[in-house]
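Undergrad: My questions concern the predicted model and sequence given below.
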Amino acid sequence: MFEENPVRTKSLERLKKMIPKPFRVLTKGAAIIFGGFLTLNLVATVSVGALRSLAEKKRKKLALPCGVCNGKGFYICKLCNGNATIKWSPLYDPIHINPCVCPTCDGNRVQRCLNCLGKGYS
């Protein structure tokens, strides 16, 4: 399929001779161990994610909707009342009142239900 380049083959052989054999064995073993750990970590992550999603689907199927948010997972922000801004002044007796972005909802006008954590069921 591919022709071997004799110049490249010679340079690779010369490079192999320059690196001591114990060091080559050590690096090869380290690469195998690292690859094994990486593969094991990847397999564990995928399997835990799959099991978690299956458990979540089963729980959602059998659960009742949240009574606080009526199953929506969100409700209108209670600090800004859905306006996305609040009136704020750094002084006790304000001379000028600044409209600022609501720190609770970050200007989104809704906040996540704290009862169901935004899932919609309890």
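TA: Here it is on my side, so go on.

Undergrad: quick one, strands of the chain?
TA: 74-76, 85-88, 98-101, 110-112 (DSSP state E).

Undergrad: Tell me which of the ones you listed sits most buried.
TA: Comparing those by mean neighbour count (mean count of other C-beta atoms under 10 Å), strand 110-112 comes out on top with a mean of 17. (C-beta placed from N, C-alpha, C; glycine too.)

Undergrad: Show me what that strand is packed up against.
TA: Counting contacts by 3 or more C-beta pairs under 8 Å, 6 or more residues apart in numbering; DSSP states H and E, strand 110-112 packs against strand 74-76.

Undergrad: Starting from the strand it packs on, tell me which strands it pairs with and how they run.
TA: Note on strand 74-76: by DSSP bridges, its sheet partners are strand 110-112 (antiparallel).

Undergrad: contacting residues around Val68?
TA: Neighbour list for Val68: Tyr75, Cys113, Leu114, Asn115, Cys116 [criterion: C-beta atoms under 8 Å, 6 or more residues apart in numbering].

Undergrad: how about 7 Å then?
TA: By C-beta atoms under 7 Å, 6 or more residues apart in numbering, the contact list for Val68 reads Cys113, Asn115.

Undergrad: Local confidence estimate at it?
TA: As predicted, Val68 sits at a pLDDT of 91.

Undergrad: from now on call the first residue 20
TA: Will do, 20 is the new start, and the previous item becomes Val87.

Undergrad: quick one: buried residues of stretch 129-141?
TA: Of all the residues in stretch 129-141, those buried under the rule 16 or more other C-beta atoms under 10 Å are Gln130, Cys132, Cys135, Lys138, Gly139.

Undergrad: which residue packs closest to the third one, ignoring adjacent ones?
TA: Meaning Cys135. Sequence neighbours aside, Cys85 is the residue nearest to Cys135 in space, at 3.9 Å (criterion: C-beta to C-beta, 6 or more residues apart in numbering).

Undergrad: Then the last one?
TA: Among residues not flanking Gly139 along the chain, Gly92 sits closest, at 4.2 Å (C-beta to C-beta, 6+ apart).
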